[in-house]
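Asker: My questions concern the predicted model and sequence given below.
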Amino acid sequence: MVPSVLIVDDEKHTREGLQQALAENYDVSVAANADEAFNLMEAQPFEVVVTDLRMPGKSGLKVIDKALSLPNRPAVLMMTAYGNIETAVEAMKRGAVDFLTKPVNIERLEVLIQRALKTKTLEVEVQQLHERLDEKFNLEGIIGASEALKEVLDKMRLVAPSRATILIEGESGTGKELIAQAIHQVSPRARAPFVAVHCAALSESLLESELFGHERGSFTGATERRIGRFESADRGTLFLDEIGEISQSTQVKLLRFLETKSIERVGGSKPIELDVRLVAATNRNLEQQVREGKFREDLFFRLNVVRLHMPPLRERVEDIPLLLAHFIRIFSEENGVPPLTFEAGAVRTLQQYPWPGNIRELRNFCENAVVLRRGGRFTEYDLEPKFRGQTAIPATGAAPPAGAQPTPSLSVEENEKRLLREALLKARGNRTKAAELMGVSRRTLHRKVAQWPELDVTDK
């Protein structure tokens, strides 16, 4: 599509001359004054507006104000025969991307128009990125409807607009960083940086330099000054994951920041004041670490202004179908394959699995299922034995192998139920084969299934 340009100038020969010079590469419209320009801008969108500064009636500065008040803001260039620093400064303050003096050099004008178009494109891309981030990380975008998750989200909605330090607790894989990003995205700091540091991945010396930066010559290899993550997160949010892993010396520096809102670079002595919101996360029991002398009590109290506990997946089993659908859709689209459909029996079985790796493990399971199956239906029979909490049934006979005897705490009836279900799963619902695996007659198996219909996994 040809870029659209509006020329605003009260001198007829100037505006028509510019229109003719630009017509080959642009869709050019002209206006003789600010009011005509206002009407044209309200009637159609323009990508670039080139306006004279001094015109009868309203000046070019008013054209800038009008252009930048529109929903689809054009890039604005200012022309003036009175080129001086004050004019340029005022135009830039109003939002012009550049200015040029009369008589206009056409080559320079085209260069500035191209530059303005690139600036506008970049602004659009940045806005789209923010919208995608808002969609991905806002509270409504977090998958789940369980009461355990709702309790966390309700608390988040209250604390997100505040400046309070937040401590997120939870097992690995429960989504602590996602929650931290969501807090940032719905806070007043959403357009400022969100900076994440995984404390356990760095040694003590590297972590201090990473967090606080360092001055040139502060240690061997420090050949230049480095800005740390705290300074990078100024006016935004700093997320410290695995906060329980940091050393005592780093704890002291972190405590100092929380008390003074300032840091000092490694090797430096000048305090640097910062506006950073701190969100920390841990999969450890910090209170226990305080009792053991591994974590400073005063730092714990400073971090623990607001505490959020991310429930493990086994405590929000009603969210598993929603998460399955979410991840299956994502990985199906990424791999260009038809969506994989989970049958009810498979979903029920997955809800009974404890998911020690939490959402991270579920996500990996979904990606594996999509890649290997590439569409179709996923049944309970397709699940690995670990998801069913069972070991494989022997190929023949009813006696289990050594080491796989029924758990002594189970009753005879419970053991019989377990073996019957395992046999039916192993036989993929084929009762004749299941009877052979158990070493019983088909009539006996039919009678047992009729006695315990909840164990029947036969396709209806």
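Answerer: Noted; the coordinates are in hand. Everything quoted here is computed from the prediction, not taken from an experiment. Numbering: from 1, shown residues only.
Asker: Any figure for the gap between Val317 and Lys12?
Answerer: Between Val317 and Lys12 the computed distance is 75 Å (CB to CB, to the nearest Å). C-beta here means a position set from N, CA and C on the backbone, and glycine is covered the same way.
Asker: Those two - which one has more neighbours?
Answerer: Neighbours around Val317 and Lys12, counted as other CB atoms under 10 Å, are more numerous at Val317. The numbers are 17 against 10.
Asker: so who does that one touch?
Answerer: Listed by CB atoms under 8 Å, 6 or more residues apart in numbering, the contact set of Val317 reads 146, 351-352.
Asker: List the buried residues of stretch 73-84.
Answerer: When neighbours are counted by 16 or more other CB atoms under 10 Å, the buried residues of stretch 73-84 are found to be 73-80.
Asker: how about it as CSV, C-alpha atoms only?
Answerer: Listed next in CSV are the C-alpha coordinates belonging to stretch 73-84 (Å, rounded to 0.1, in the frame of the first residue of the first chain):
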residue,chain,number,x,y,z
ARG,A,73,-1.6,9.0,15.1
PRO,A,74,0.4,10.1,12.0
ALA,A,75,4.1,11.0,12.2
VAL,A,76,4.5,14.8,11.9
LEU,A,77,7.2,16.9,10.2
MET,A,78,7.5,20.7,10.7
MET,A,79,8.5,23.1,7.9
THR,A,80,9.5,26.7,8.6
ALA,A,81,11.2,29.6,6.9
TYR,A,82,12.2,30.8,10.4
GLY,A,83,14.4,27.9,11.3
ASN,A,84,15.9,28.3,14.7
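Asker: Do I have it right that Ser146 meets Leu313?
Answerer: No: counting by CB atoms under 8 Å, Leu313 is not a contact partner of Ser146; they are 9.8 Å apart.
Asker: In terms of neighbours, single out the busier of those two.
Answerer: Counting neighbours by other CB under 10 Å for Ser146 and for Leu313 shows that Leu313 has the greater number, 28 against 17.
Asker: and the more buried one, what does it touch?
Answerer: Going by CB under 8 Å, 6+ apart, the list of residues near Leu313 reads 173-174, 319-320, 355, 358-359, 361-362.
Asker: same deal with Glu90?
Answerer: Taking CB under 8 Å, 6+ apart as the definition of contact, the neighbours of Glu90 are Leu61.
Asker: and it, that one's in a helix?
Answerer: Yes: when the secondary structure is assigned by DSSP: H, G, I helix; E, B strand; the rest coil, Glu90 falls within a helix.
Asker: For Ser146 and Leu313, list the residues in contact with both.
Answerer: Asp319.
Asker: Strands of the stretch 151-300 of the chain, start to end?
Answerer: With strands called from DSSP state E, counting those that start in this stretch, the stretch 151-300 of the chain shows them at 166-169, 194-198, 237-241, 262-263, 272-273, 277-282.
Asker: Each with direction, which strands does the fifth one pair with?
Answerer: Sheet pairing here is set by DSSP bridges, and for strand 272-273 it gives strand 262-263 (antiparallel).
Asker: before we move on, what about the third one?
Answerer: Here strand 237-241 has these sheet partners by DSSP bridges: strand 194-198 (parallel), strand 277-282 (parallel).
Asker: Start and end of stretch 234-252, how far apart?
Answerer: From its first residue to its last, stretch 234-252 covers 20 Å (CA to CA, to the nearest Å).
Asker: Show me where the stretch 1-150 of the chain dips below the pLDDT cut-off.
Answerer: Counting by pLDDT under 70, the low-confidence segments of the stretch 1-150 of the chain come to 1, 82-85, 88, 122-141.
Asker: and Glu231, how far is that from Gly268?
Answerer: Using CB to CB, one gets 12 Å for the distance from Glu231 to Gly268.
Asker: next one: Asn33
Answerer: Spatial separation of Asn33 from Gly268 under the definition CB to CB is 57 Å.
Asker: Who are the contact partners of Arg277?
Answerer: The neighbourhood of Arg277, defined by CB under 8 Å, 6+ apart, consists of 163, 165, 184, 187, 189, 236-238.
Asker: Which members of these are classed as buried?
Answerer: Neighbour-count burial (16+ other CB under 10 Å) applied to the contacts of Arg277 gives 165, 184, 187, 189, 236-238.
Asker: tell me the two of these that are most distant?
Answerer: The widest separation within the buried ones among the contacts of Arg277, taken as CB to CB, falls between Thr165 and Gly236 and amounts to 14.2 Å.
Asker: Please list the outside residues in contact with stretch 195-208.
Answerer: Outside of stretch 195-208, the residues that reach it under the criterion CB under 8 Å, 6+ apart are 177, 180, 210-211, 219, 229, 232-233, 236-243, 245-247, 249-250, 253, 266.
Asker: just to revisit the earlier point, for Glu384, state which of the contacts of Leu313 is nearest.
Answerer: Within the contacts of Leu313, proximity to Glu384 (CB to CB) peaks at Glu361, which comes in at 12.4 Å.
Asker: what's near enough to touch the closest one?
Answerer: Residues in contact with Glu361, defined by CB under 8 Å, 6+ apart, are 173, 313, 355.
Asker: ok, back up a step: of all the strands of the stretch 151-300 of the chain, which one is nearest Val49?
Answerer: strand 194-198 (34.3 Å).
Asker: What residues sit buried inside that closest one?
Answerer: Using 16+ other CB under 10 Å, the residues of strand 194-198 that count as buried are 194-197.
Asker: repeat for stretch 352-360
Answerer: Residues of stretch 352-360 classed as buried: 353, 355, 357-359 (neighbour count, 16+ other CB under 10 Å).
Asker: From these, pick the one nearest Ala450.
Answerer: Of all the buried residues of stretch 352-360, the one with the least separation from Ala450 (CB to CB) is Tyr353, at 28.3 Å.
Asker: from memory that closest one sits against Gly389, does it?
Answerer: Yes: Tyr353 is in contact with Gly389 according to CB under 8 Å; the separation is 7.1 Å.
Asker: give the contact list for the nearest residue to Arg431 once chain neighbours are set aside.
Answerer: With CB to CB, 6 or more residues apart in numbering as the criterion, Arg431 has its nearest non-adjacent residue at 5.7 Å, and that residue is Leu445. Applying CB under 8 Å, 6+ apart, we find Leu445 in contact with 420, 431, 434-435, 438.
Asker: In which helix or strand does the closest residue to Leu22 other than its chain neighbours reside?
Answerer: In space, and not counting its chain neighbours, Leu22 is closest to Val28: 5.0 Å by CB to CB, 6+ apart. Using DSSP states H and E, the element containing Val28 is strand 27-31.
Asker: what's that strand in contact with?
Answerer: Surrounding strand 27-31, the residues in contact under the criterion CB under 8 Å, 6+ apart are 2-9, 15-16, 18-19, 22, 37, 39-40, 44, 46.
Asker: Now go through the residues you listed and say which are in strands.
Answerer: Assignment to strands by DSSP state E places the following of the contacts of strand 27-31 there: 4-8.
Asker: Which residue ranges of the stretch 351-460 of the chain form strands?
Answerer: Defined through DSSP E, counting those that start in this stretch, the strands belonging to the stretch 351-460 of the chain, from first to last, are 376-378.
Asker: Would you agree Leu112 falls within a helix?
Answerer: Yes: if the criterion is three-state DSSP, then Leu112 is within a helix.
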